[in-house]
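[1] Fold the stuff below for me.
(2 chains)
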Protein chains: 2
Amino acid sequence: MPVHAVAPRSAREITHYDLDTDVLVVGYGCAGAAAAFEAARAGARVLVLDRAGGPGGSSAMSGGEIYLGGGTPIQRACGFDDTPEDMAAYLNAALGPGADADKIADYCEHSVEHFHWLVDRGVPFKPSLWDAPAWVPPTDDGLMWLGENSWPFTEIARPAPRGHRPTANDFGGRLLMQCLTDAVESAGVRTLFDTCATTLIRTDDGAITGVVARRYGRESTIRVRRGCVLTTGGFVDNDEMLAAHAPLLLGHTKVSAGTDDGSGIRMAQAAGAAVRHMATGQVGISLIPGLAARGIVVNDKGVRFVNEDTYPGRIGQAALFTQGMRVWVVLDEEAFEAVPEQQRWGVRPTHVADTAEELGAAMGLPPGALDATLRRYNEFAAGGTDPDQHKAARWLRPLRSPLAAVDVRAGIRPPAESGDRRGTGASVFTLGGLHTDRQGRVLDLDATPIPGLFAAGRAAVNLHGLGYISGTSLGDGTFFGRRAGRAAAQPH
Amino acid sequence: MPVHAVAPRSAREITHYDLDTDVLVVGYGCAGAAAAFEAARAGARVLVLDRAGGPGGSSAMSGGEIYLGGGTPIQRACGFDDTPEDMAAYLNAALGPGADADKIADYCEHSVEHFHWLVDRGVPFKPSLWDAPAWVPPTDDGLMWLGENSWPFTEIARPAPRGHRPTANDFGGRLLMQCLTDAVESAGVRTLFDTCATTLIRTDDGAITGVVARRYGRESTIRVRRGCVLTTGGFVDNDEMLAAHAPLLLGHTKVSAGTDDGSGIRMAQAAGAAVRHMATGQVGISLIPGLAARGIVVNDKGVRFVNEDTYPGRIGQAALFTQGMRVWVVLDEEAFEAVPEQQRWGVRPTHVADTAEELGAAMGLPPGALDATLRRYNEFAAGGTDPDQHKAARWLRPLRSPLAAVDVRAGIRPPAESGDRRGTGASVFTLGGLHTDRQGRVLDLDATPIPGLFAAGRAAVNLHGLGYISGTSLGDGTFFGRRAGRAAAQPH
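    Numbers count the residues shown, from 1 in each chain, chains lettered A, B, ... in the order given. Sure, this is the predicted structure:
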């Protein structure tokens, strides 16, 4: 994928425009769809383009979880009382340090309304709960826990499950995008595919009034009369940006449709936009959460470093950012058998042994280290407590011979479409991006909106600080995408 | 300290200039001094300004260590063979991930030349070695280890000490700055203090041709005919920037002269400059390295997480970024007495006990955890090995009752000049900043130099990725400051 120059072009130099629109949406994932729909509904002429051959982006590849709460009908049907305040307290803790408390409060206050907006677009949610840690449950249950019932969050906010899942036979992202693109089409939005926006067009006063794009090698110019919304995704596919901002995310499997090249972030930065939290990312690691919760997770000293029943992305961030991905799940036969085979995603132990001493030696751990860890874990687990990592009593049980270990780095192969590169055990995407206000306006270094420029989705930073919880990408992408679309549709 | 708007001013709107110079250097720490000296020596008229009442900045407050090697006369006099290749191998490992290998190679290749440049400016180095981990040795020895002889670096590069220290009765930074400012004055550079550069002046073509500054509340304009060099330091004094880029560095004691407000970074970004590695920082923690090396360092699970004889800034980064600063040094009477009282900086144990069990309980650690850690450490230390953390045999010795712990968070009070805020145990400064090339030219998002704009010191990123080693700030500040000064002096 070529990396294009992004220095803005002067509007003075543009003598001809190939296309003309009120609102241009660059990137047709969930944030772009939400923005295009709302802009059209507000009465603007809207054009949405994508560099791929059709809509979807990373959103269509995702599990489909949307982080919603504060008392949705699905939560109530499953017997959970929830409030915007509990939801906000959890998100501030789980998405921090550096999370935006104002945007989180706003998001939580309007979360039930956003649930209904999704339902009105045809997104189905089944009122039943999947009640165990998982990346993607193997059922069509519409609700799941995403760390809310794990330490330390149980001490911070009243727990309620908030992962809302579209009812689908496979990953729900495709269904979500189908509903959203149907809505966009019904709203009369024009679409243009195989088209890559490369640079913004800017007046001497700094207002964005158009975009230069490339399609099949030919350059075209688009006049934008009201607002340009950048929903181009993150930058996990741009290794140069990763090296400059997030070197720990380099070299892992990239969670994207291959088009998260950071182009929108770079274009806006070149026009004076500020960015936030460029170093951080979501880290999915190839452990089966159901196995991890029933066993223990250890580092290369044979030491536990996290509560294994928490949201698995928290284990992933800890594994990559604090342990260099030198991480194993250690478990026994009972734990392994407790997870049905079809939910193990083909994971097999990389080491088996009759004793912890032998298992640790086979794993290459320091002598006696794993044995000491297991003796300590088993002793406390027998009494139903975990003073070291605070795993919930429900998952505590002494582990018995024979023992097995799964090297997370060898666990799950990267998907075929990622090419033939060997996995590191981690699948990552970036969380950093453009600084925006609650209306989706892109802010410059003085925190002043850049006229005519908006952003949402992973090209922007809304809720997130350093932490991540599944469902907050589709969640804040659609939520602030709607805001950006409405704001961009206003004449100026 | 007011935060000024940084959106660049159009050269078209500036009708009058109060001052006129070929080269303007903004910020008079070590990088600014080196740039000003070299620019004047290249024949340019040079003006250097600082928002403080005199020169020095953070450089004058520092210990004065300068990272130099590859075979300096001081290294040779102390009996060490060193090569630029070994020096580069160490720096790539210690300053990464994300360190700039090209700049490191360049820096190491010319390090002996840079040593002589410093000596020619009058900076004295005594040919003797301080041979133990330390923040600042209590002697006037001119050479010290900065992690080169600790694991894993001993397996990566042939160890040689490279911390070069100006011969001074106290911290060497003041002496270094005295030598450099004497040189700048002799070179005929004009100086202007109590003057704060607020915004860059830019032509429609994007070239920087001047600066707007404020002095005692009055705005003035400075015409810059050749180049403007930003040596304004990092952004540890700007909490808004910390929240956006490096939230883990918020709330700790700030290592600065109070003027590291990120203004140069923001001004340049607003003019289209790219930045790198904004999330990372140096973390000095209030442990006495000589005590730590003779004891063990544990987290709030009572578990070791680092080799205690390494460069103490590595312990600091691990403590803050992976352990949330919940960190203690545990040691015995023999270890405590081995460090002379005047080298303990007033540190006293926060907990003492006859047994590890009692000590762990007093520290609030999980039951039995510290006891298990100490038994394991002592068992291996008796045999002269440390399979867990690879501390060198020289520092291994079983720890005997009575035992003591020092809570790093309560160890050393912040200096009086930092105000009356309570310390967290960590003293931090930022490492992220402007993307520059090897000539100190500031690069935009397309990696193209912005005409007329240069940067060095902590306002720029040169050698560093996520890691840090003492001496690389004064080192790359003076080294690339010289480059930036020479480049800025060229007519364009």
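[2] what is the mean pLDDT for stretch A:170-182?
    Averaging pLDDT along stretch A:170-182 yields 94.
[3] can you pull the buried residues of it?
    The neighbour-count check on stretch A:170-182 (16 or more other C-beta atoms under 10 Å in any protein chain shown) flags A:171-181 as buried. The C-beta positions use only the backbone N, C-alpha and C, and glycine is treated the same way.
[4] Now do that stretch: everything it contacts.
    The contact list for stretch A:170-182 (C-beta atoms under 8 Å, 6 or more residues apart in numbering or on different chains) reads A:28-30, A:33-34, A:37, A:55-56, A:59-66, A:118, A:121-124, A:136, A:165-168, A:474, A:478.
[5] and the helix or strand hosting residue A:376 with chain B, contact?
    Taking DSSP states H and E as the criterion, residue A:376 maps to helix A:369-382. Yes - remark: helix A:369-382 sits within contact range of chain B at A:369, A:372, A:376, by C-beta under 8 Å from any C-beta of the partner chain.
[6] Pretty sure residue A:431 is one of the things residue A:255 touches, is it not?
    No - here residue A:255 does not reach residue A:431: they are 11.6 Å apart, not a contact under C-beta atoms under 8 Å.
[7] Name the residues contacting each of those two.
    Common contacts of residue A:255 and residue A:431 (C-beta under 8 Å, 6+ apart): residue A:282.
[8] These two: who's more crowded?
    residue A:431 (27 against 23; other C-beta atoms under 10 Å in any protein chain shown).
[9] my guess is that one meets residue A:472, correct?
    No - Residue A:431 lies out of contact with residue A:472 (C-beta under 8 Å); the separation is 9.3 Å.
[10] returning to that earlier point: the helix or strand following the helix holding residue A:376 vs helix A:369-382, what angle?
    As assigned by DSSP H and E, the chain's next helix or strand after helix A:369-382 is strand A:403-407. If you take axes from the mean of the first three to the mean of the last three C-alpha atoms, to 10 degrees, strand A:403-407 sits at 110 degrees to helix A:369-382.
[11] Remind me what the longest helix along chain A packs against, helices and strands.
    Among all segments of chain A classified by DSSP state H, the helix with the greatest residue count is helix A:472-488. Applying 3 or more C-beta pairs under 8 Å, 6 or more residues apart in numbering or on different chains; DSSP states H and E, we find helix A:472-488 packed against strand A:19-26, helix A:30-41, strand A:66-67, helix A:101-109, helix A:111-120, helix A:173-186, strand A:218-230, strand A:449-455.
[12] same thing but at 6 Å, please
    Other elements packing on helix A:472-488 under the criterion 3 or more C-beta pairs under 6 Å, 6 or more residues apart in numbering or on different chains; DSSP states H and E are helix A:30-41, strand A:66-67, strand A:218-230, strand A:449-455.
[13] Tell me how far the first one lies from the chain's centre.
    Okay, so that is helix A:30-41. 19 Å (C-alpha atoms, centre = their mean, to the nearest Å).
[14] now do the longest one
    The offset between the C-alpha centroid of strand A:218-230 and the centroid of the whole chain comes to 27 Å, using C-alpha atoms, centre = their mean.
[15] which residues does residue A:57 contact?
    A:29, A:233, A:257 (C-beta atoms under 6 Å, 6 or more residues apart in numbering or on different chains).
[16] and the gap between it and chain B?
    As defined by C-beta to the nearest C-beta, to the nearest Å, residue A:57 lies at a distance of 22 Å from chain B.
[17] Now do the phi/psi pair for that residue.
    Per-residue torsions, residue A:57: phi 50, psi -150 (degrees, to the nearest 10).
[18] Can you name the residues that contact residue A:305?
    A:299, A:318.
[19] What's the local residue count around the residue lying closest to residue A:379 once chain neighbours are set aside?
    Of all residues not flanking residue A:379 in the chain, residue A:398 sits nearest, at 7.9 Å (C-beta to C-beta, 6 or more residues apart in numbering or on different chains). By the measure other C-beta under 10 Å, the count of residues near residue A:398 is 14.
[20] hang on, residue A:398 packs against residue A:382?
    Yes - counting by C-beta atoms under 6 Å, residue A:398 does reach residue A:382; the two are 5.2 Å apart.
[21] Nearest to chain B among the buried residues of stretch A:170-182?
    Set against chain B, the nearest of the buried residues of stretch A:170-182 by C-beta to the nearest C-beta is residue A:173 (29.0 Å).
[22] Can you tell me how far the closest one is from residue A:123?
    11 Å (C-beta to C-beta, to the nearest Å).
[23] And for residue A:195?
    Residue A:195 is 27 Å from residue A:123, where distance means C-beta to C-beta.
[24] More neighbours: these two, which one.
    Neighbours per residue (other C-beta under 10 Å) separate residue A:195 from residue A:123, with residue A:123 holding more: 23 against 20.
[25] Now do the contacts for the more buried one.
    Here residue A:123 is in contact with A:166, A:176, A:179 (C-beta under 6 Å, 6+ apart).
[26] Can you get me a residue count around the nearest residue to residue A:85 once chain neighbours are set aside?
    Of all residues not flanking residue A:85 in the chain, residue A:108 sits nearest, at 7.6 Å (C-beta to C-beta, 6+ apart). By other C-beta under 10 Å, the residues close to residue A:108 number 26.
[27] and if you look at the one 5 residues further on?
    The criterion is other C-beta under 10 Å. On that basis, residue A:113 has 10 neighbouring residues.
[28] which residues touch the closest residue to residue A:160 other than its chain neighbours?
    If the residues on either side of it in the chain are set aside, residue A:160 comes closest to residue A:82, at 3.9 Å by C-beta to C-beta, 6+ apart. By C-beta under 6 Å, 6+ apart, the contact list for residue A:82 reads A:69-71, A:75, A:160.
[29] TSV for those, including pLDDT?
    TSV is the format used below for the contacts of residue A:82 (pLDDT from 0 to 100):
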residue	pLDDT
A:69	98
A:70	98
A:71	98
A:75	98
A:160	98
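[30] quick one: which of the residues you listed is most hemmed in?
    With neighbours taken as other C-beta under 10 Å, the top of the contacts of residue A:82 is residue A:69, carrying 30 neighbours.
[31] mind checking the SS state of it?
    coil (DSSP: H, G, I helix; E, B strand; the rest coil).
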